[in-house]
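Participant: Next come a sequence and a model predicted from it.
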Amino acid sequence: MAQEMQAEPVVIVRKKGGHGGHHGGAWKVAYADFVTAMMALFIVLWLMNSSKDVQEAISGYFNDPKGFAKLKGSGKAGAGEGVAVSKNDMRKLSEKLSQAMGNLPEFPKIKDNVQFVVTGEGLRVELLESEKGMFFDSGSPKPSASGEEILLMLAGELGRLPNDIVIEGHTDAKPFSAQGYSNWELSADRANSARRLMQERGLRKEQVVQVRGFAAQQLRKPEAPQDASNRRVSVIVRYPNAAEPAGEPARNALPPAH
């Protein structure tokens, strides 16, 4: 009887209340999304007011973050004053230029007439002429359609770099037939035509530090002085703080672009 009269234990359940219990952490997620959206808005507004060089550099990074964009480095926006391509990176640069050249419509026709060479001054991009004229009209400083196409491609790629550019013109040893116009004028005029075109479409004006005309003084094939490949325009990407070379530097040819 005593057991039956024993009171049963009372269980009291207390529920936690308050502001946090009612809303949970959802407000934190919403706030984080709002901050992210605002940050994206400010980035877009900044990009819209940035220079064309900055927009192209950022676009290049997102299109190819492991390729050419990393060669540029980080520096003053729009001035090409990033980390310059050093001697150790010239092979990577030549590979990147080879890939870009492969996208040109004229690539099958020009691929055997473009050579990348590492010298004591920098990376030389050699545009070698054919007998009929490949990159320049025969006997003329005017670029051909193929010449204009590849020079514009090079301008677009190299204009993203802070490295100085030198442009050279060379001829073969055959005397030029026009009266009062020699291989000296032709070589210098072709280099200057290339400089003018590339500055109009990518290179910064201060990026080209020299335009050289050598006539037939630095033949590519001294044993065949009238060979067509002696006629060429060379675009040189100089090493940072490159000293003036003493004569023609030693050459280290890279594999041809394919």
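Facilitator: Now that the structure is in, tell me what you want to look at. Please read all numbers here as calculations on a predicted model, not as lab measurements. Numbers count the residues shown, from 1 in each chain.
Participant: CA atoms for contacts and neighbours, from now on please.
Facilitator: Fine.
Participant: Figure out the helix or strand that the nearest residue to Ser234 once chain neighbours are set aside lives in.
Facilitator: Take Ser234 and drop its neighbours on the chain: the residue closest to it by C-alpha to C-alpha, 6 or more residues apart in numbering is Glu126, 4.6 Å away. Element membership for Glu126, per DSSP states H and E: strand 122-128.
Participant: now do Val166
Facilitator: Secondary structure (DSSP H and E) places Val166 in strand 165-170.
Participant: what's that strand packed up against?
Facilitator: Applying 3 or more C-alpha pairs under 8 Å, 6 or more residues apart in numbering; DSSP states H and E, one finds that strand 165-170 contacts helix 183-200, strand 208-213, strand 232-238.
Participant: returning to what we had before: report whether the expected contact of the residue nearest to Ser234 with Asn230 is present.
Facilitator: No: with the criterion set as C-alpha atoms under 8 Å, Glu126 and Asn230 do not qualify as a contacting pair; they are 10.3 Å apart.
Participant: Which of these two has more residues huddled nearby?
Facilitator: Using other C-alpha atoms under 10 Å, the more surrounded residue of Glu126 and Asn230 is Asn230, with 23 against 19.
Participant: pLDDT on stretch 218-231, on average?
Facilitator: Average pLDDT, stretch 218-231: 96.
Participant: which residues sit against that stretch?
Facilitator: Residues external to stretch 218-231 that are found in contact with it (C-alpha atoms under 8 Å, 6 or more residues apart in numbering): 128-131, 169-174, 216, 248.
Participant: Apply 10 Å and report the result again.
Facilitator: 113, 126-136, 169-175, 187, 215-216, 232, 247-248 (C-alpha atoms under 10 Å, 6 or more residues apart in numbering).
Participant: Select only the buried ones of those in ChimeraX?
Facilitator: The following ChimeraX command selects only the buried members of the contacts of stretch 218-231, with burial defined by 16 or more other C-alpha atoms under 10 Å:
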select :113,126,127,128,129,130,133,134,135,136,169,170,171,172,173,187,215,216,232
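Participant: Could you look up the SS state of the residue lying closest to Met198 once chain neighbours are set aside?
Facilitator: Setting aside the residues directly before and after it, Met198 is nearest to Ala155 in space (C-alpha to C-alpha, 6+ apart), at 5.0 Å. In terms of secondary structure, Ala155 is helix; the call rests on DSSP: H, G, I helix; E, B strand; the rest coil.
Participant: residue contacts, Ala155?
Facilitator: Residues in contact with Ala155, defined by C-alpha under 10 Å, 6+ apart, are 194-195, 197-204, 235.
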